[in-house]
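A.B. asks: below: sequence and its predicted model.
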Amino acid sequence: CGCPCFAAMAHLCIRSGPQLCGLSIPKQQCFKHAVRPLARPGLCLRSPRAYQPLKAVPVDAFSSAPFIETQQLSLASAVEVQQLHTAVQSLPLYDLGEGLETPIQLIYLLTLLAFLSGGAFLVVRQVLIRRELDEAAKQLGERIRTGEATCEDYFELGVILTRKRLYTQATKNLEKAKKVWDGEEAELAQVHNALGFCYVNMERTDAAIEEYRRAVELQPGYVTAWNNLGDAYEKVKSWKNALSAYQESLSYAPGNQVALQRSDFCKTRIERLGL
């Protein structure tokens, strides 16, 4: 247009070119070209090398371009997210996880209910056993107080008190049963075995060994008494005697798991200690 007038913040020729440069140029010719902005606005350079002709663009196009570009980017992002979600849903692993979510939750719920039911069953069972023991102990106690108790009554009461872990009271009734026993001697072995069990829990191991030995003397095939005798010998670290007791138990019951496991342990201890 012959007028290189420009503004600092726009890329179009200034409408009021004649006022800035002092040249008489029609306004209509000033919009044919755009010039590069310079660091010093408001100057007019007459040399054609000072600017490069550009295609004229309306001002409204520049003001609306960022909004249009942002709107298109938002629409594109929404479309891409929707496409990605559709692609993930189409994967076999996604379908498998979605299908297994409900069964897994059901399995967890059933497992929890099973644990709760098992715990409730054990608690109720212990309460019922405790109640039965209390009722039996009450009845036997009444018979003992009236003087009508037999040796079996003393023995049964001693066993009940042993199950309730009242070892001191249990030993008193078992000792009474041993003194007044009028039954077969083979059955008296059970009284000695019960006494030995109480003495072990009272940390009277020597007395327990004597009771266990008396029990196996009265009833040589009493496997439980042999195992208890071996356990008592282990507590005093008499490994050879314990091994001998377990071997006697195995002679009457070769498949007894307690005797098998403890005899192997005693053999290992004897080998390590060089006994």
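C.D. replies: That came in fine, so what should we check first?
A.B. asks: pLDDT weak spots in the chain?
C.D. replies: 1-101 (pLDDT under 70).
A.B. asks: what helix or strand does S117 sit in?
C.D. replies: When elements are assigned from DSSP states H and E, S117 belongs to helix 92-145.
A.B. asks: where do the helices sit along the stretch 151-275 of the chain?
C.D. replies: 151-163, 167-179, 185-201, 205-218, 223-235, 239-252, 257-273 (DSSP state H, counting those that start in this stretch).
A.B. asks: what angle sits between the third one and helix 223-235?
C.D. replies: Think helix 185-201. Per axes from the mean of the first three to the mean of the last three Cα atoms, to 10 degrees, the angle that helix 185-201 makes with helix 223-235 is 30 degrees.
A.B. asks: now do the last one
C.D. replies: For helix 257-273 against helix 223-235, the angle between stretch directions is 30 degrees (the same axes, to 10 degrees).
A.B. asks: packing partners of helix 257-273?
C.D. replies: helix 223-235, helix 239-252 (3 or more Cβ pairs under 8 Å, 6 or more residues apart in numbering; DSSP states H and E). Placement of C-beta: from N, CA and C, glycine included.
A.B. asks: same deal with the first one?
C.D. replies: Helix 151-163 makes packing contacts with helix 92-145, helix 167-179, helix 185-201 when contacts are defined by 3+ Cβ pairs under 8 Å, 6+ apart.
A.B. asks: now distance to L250 and mean neighbour count too, for those helices, in TSV please.
C.D. replies: Below are those laid out as TSV (distance: least, Cβ to Cβ, whole Å; neighbours: other Cβ atoms under 10 Å):
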stretch	distance to L250	mean neighbour count
helix 92-145	32	11
helix 167-179	28	19
helix 185-201	18	21
